[in-house]
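Asker: coords please:
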Amino acid sequence: MRVTGRLHGVVAMDGPSGTGKSTVSRRLAAACGAAYLDTGAMYRALTLAVLRSGLEGTESDTEKVAVAAVADLESVTDPSAPAIRLSGEDVESEIRGAAVTSAVSAVSAIPAVRAALVERQRVLIDEAITGCGGIVVEGRDIGSVVVPDAPLKVYLTASEDVRAARREAQDRKAGRAADHAAVLADVRRRDELDSTRKTSPLHAAPDALVLDTDGLSVDDVLTELLRLVTDRGMVT
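Answerer: So this is what the prediction gives:
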């Protein structure tokens, strides 16, 4: 399915890791001439700053270091070349590594960290709306916290085994070691931490459309998303 015209407004894409949020969100934004924001990359970059300071993400100083690092973040919202920079350094590859993956849920659960990043994310969203009219934003609390009035909210889901297999394939493609049992255990650990944290726990917003991606290809999911933005009158 192809669309003519540009996206207007915000598409909020939420869901746990391994559901394909990043791939389909970026492709949706590119297909509709919109901006694209990966909020998970922002939490990962702050986690990297914490690790580089010598902390592990659970110490009392973690909050201070992570919140201070927000000022050093730069998110590039061009879907054809998205990037995340920390103090001017492109850290896209490093934030996907095992060290950051194991610590990001702990850092993301800190209320002050979430508050600081939500504020930054809303500024980026406003800039994109002003600049090109629309943006696709992906994360875990977009529809419920960051943009609760988004005209389209989609919550992607998939079984644990399917998500683990996708994560494993991504790691291998990126040249990282991947073991299915270890990846599956990490998927379960992230689900537990993200869904039980006190601040902005992972869940579908009441008015979100839940899309199970088990058995669906990336193209299948993208086709459904394009149908949704068209039916909602968001592309003109």
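Asker: The spatially most central residue of the chain: what's it in contact with?
Answerer: Residue closest to the mean C-alpha point of the chain, counted by Cα atoms, centre = their mean, is residue 139 at 3.2 Å. Applying Cβ atoms under 8 Å, 6 or more residues apart in numbering, we find residue 139 in contact with 13-14, 21, 38-40, 146. Where C-beta positions appear, they are placed from N, C-alpha and C, glycine not excepted.
Asker: at 10 Å what do you get?
Answerer: Contact analysis of residue 139 by Cβ atoms under 10 Å, 6 or more residues apart in numbering lists 12-15, 21, 25, 37-43, 108, 117-118, 121, 145-147, 200, 202.
Asker: Okay, and which of those map to strands?
Answerer: Mapping those onto strands (DSSP state E) picks out 12-14, 37-38.
Asker: From residue 15, how far out is the residue nearest to the centre of the chain?
Answerer: 9 Å (Cβ to Cβ, to the nearest Å).
Asker: can you list residues touching both of the two?
Answerer: Taking Cβ under 10 Å, 6+ apart as the criterion, residue 139 and residue 15 both touch 21, 202.
Asker: Surely residue 102 is in a strand?
Answerer: No - secondary structure of residue 102 (DSSP: H, G, I helix; E, B strand; the rest coil): helix, not part of a strand.
Asker: which SS class is residue 3?
Answerer: Residue 3 is classified as coil under three-state DSSP.
Asker: longest helix of the chain?
Answerer: Secondary structure of the chain read by DSSP state H shows that its longest helix is helix 111-132.
Asker: strand partners of the next helix or strand after that helix, parallel vs antiparallel please.
Answerer: Reading on from helix 111-132 to the C-terminus, the next helix or strand found by DSSP states H and E is strand 134-139. Here strand 134-139 has these sheet partners by DSSP bridges: strand 9-14 (parallel), strand 35-38 (parallel).
Asker: Helices along this protein, start to end?
Answerer: Using DSSP H, helices in the chain cover 21-31, 39-52, 62-69, 98-108, 111-132, 160-173, 180-196, 218-231.
Asker: which of these sits most buried?
Answerer: helix 39-52 (a mean of 23; mean count of other Cβ atoms under 10 Å).
Asker: Packing partners of that one?
Answerer: The contact analysis (3 or more Cβ pairs under 10 Å, 6 or more residues apart in numbering; DSSP states H and E) places helix 39-52 against helix 21-31, helix 62-69, strand 73-76, strand 83-86, helix 98-108, helix 111-132, strand 134-139.
Asker: now these in CSV, with mean pLDDT and distance to residue 210?
Answerer: As requested, these are arranged in CSV below (pLDDT from 0 to 100; distance: least, Cβ to Cβ, whole Å):
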stretch, mean pLDDT, distance to residue 210
helix 21-31, 96, 13
helix 62-69, 97, 31
strand 73-76, 97, 27
strand 83-86, 97, 28
helix 98-108, 92, 22
helix 111-132, 97, 23
strand 134-139, 97, 15
